[in-house]
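Enquirer: this one's sequence-less:
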Ligand SMILES: Nc1nc2c(ncn2[C@@H]2O[C@H](COP(=O)(O)OP(=O)(O)OP(=O)(O)O)[C@@H](O)[C@H]2O)c(=O)[nH]1
Ligand SMILES: [Zn+2]
């Protein structure tokens, strides 16, 4: 794993390729936990570690901008059970979430795949689950021009199940924007749909 540093004066021949600092960090980590980074099985591990971190934080959601013309109704649209992985910012351990996004497209219609792209985009950061749902809801609202957005996520955090209290549990967090935060009837409609 290497990082290419471009010459600041714009001379491409002066660019240098240096090792990603994450590689050395991983070697040090292995030493600290009593491992030998030079043993056969671990030789490529620091480079793999660096690659996975870069892959995680450099997630590219691709195109988010595809919008379709409004169909002129305020029907409820729900995209449910989008599976994402994120990292808890307290322990740097993974948590998985099943994310459900609902909106009333009074503005424009958002392409179906964009809901998953947005969910992954905000999962690919150090997170707490409450902020994850908030950020997804705001982004969907901004992209679609629709104030009425709800995001519900159900997650299991390895920092809770594999260490510490060692209790597997599901955490549900919600973000309601626009009418979803004021209209109990609309929320009930959403819950009924999710149960159906
Ligand atoms: N609210 C919330 N808490 C989280 C999330 N992810 C992890 N946590 C919790 O963050 C807390 C961090 O608490 P600390 O007491 O500082 O850390 P700790 O000593 O490792 O705590 P324990 O996990 O209880 O062993 C823990 O209670 C975690 O379970 C999250 O997404 N949302
Ligand atoms: Zn944690």
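Expert: Right, received. Where do you want to start? These numbers were taken from a predicted model, which means no experiment stands behind them. Ligands and ions are numbered 1, 2, ... in the order given.
Enquirer: Could you pull out the helices in the chain for me?
Expert: 21-32, 45-57, 112-123, 129-144, 158-161, 179-182, 184-195 (DSSP state H).
Enquirer: Any chance of those in JSON lines with mean pLDDT and distance to ligand 2 as columns?
Expert: For every residue, glycine as well, the C-beta is placed using N, CA and C. Below are these laid out as JSON lines (pLDDT from 0 to 100; distance: least, C-beta to the ion, whole Å):
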{"stretch": "helix 21-32", "mean pLDDT": "98", "distance to ligand 2": "18"}
{"stretch": "helix 45-57", "mean pLDDT": "97", "distance to ligand 2": "16"}
{"stretch": "helix 112-123", "mean pLDDT": "97", "distance to ligand 2": "15"}
{"stretch": "helix 129-144", "mean pLDDT": "97", "distance to ligand 2": "10"}
{"stretch": "helix 158-161", "mean pLDDT": "98", "distance to ligand 2": "3"}
{"stretch": "helix 179-182", "mean pLDDT": "98", "distance to ligand 2": "28"}
{"stretch": "helix 184-195", "mean pLDDT": "96", "distance to ligand 2": "27"}
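Enquirer: got those helices as a markdown table, with mean neighbour count columns?
Expert: Putting the helices of the chain into a markdown table (neighbours: other C-beta atoms under 10 Å) gives the following:
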| stretch | mean neighbour count |
| --- | --- |
| helix 21-32 | 15 |
| helix 45-57 | 16 |
| helix 112-123 | 21 |
| helix 129-144 | 20 |
| helix 158-161 | 16 |
| helix 179-182 | 16 |
| helix 184-195 | 12 |
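Enquirer: what about residue 163, how many residues close to it?
Expert: Here the count is done by other C-beta atoms under 10 Å, and residue 163 has 11 residues near it.
Enquirer: quick one: contacts for it?
Expert: Residue 163 is in contact with 91, 93, counting by C-beta atoms under 8 Å, 6 or more residues apart in numbering.
Enquirer: which phi and psi does it have?
Expert: Backbone torsions of residue 163, given as degrees, to the nearest 10, read phi -140, psi -180.
Enquirer: if we can go back for a sec, kindly reformat the helices of the chain as a markdown table containing distance to ligand 1.
Expert: Formatted as a markdown table, the helices of the chain follow (distance: least, C-beta to the nearest ligand atom, whole Å):
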| stretch | distance to ligand 1 |
| --- | --- |
| helix 21-32 | 18 |
| helix 45-57 | 17 |
| helix 112-123 | 11 |
| helix 129-144 | 4 |
| helix 158-161 | 5 |
| helix 179-182 | 20 |
| helix 184-195 | 21 |
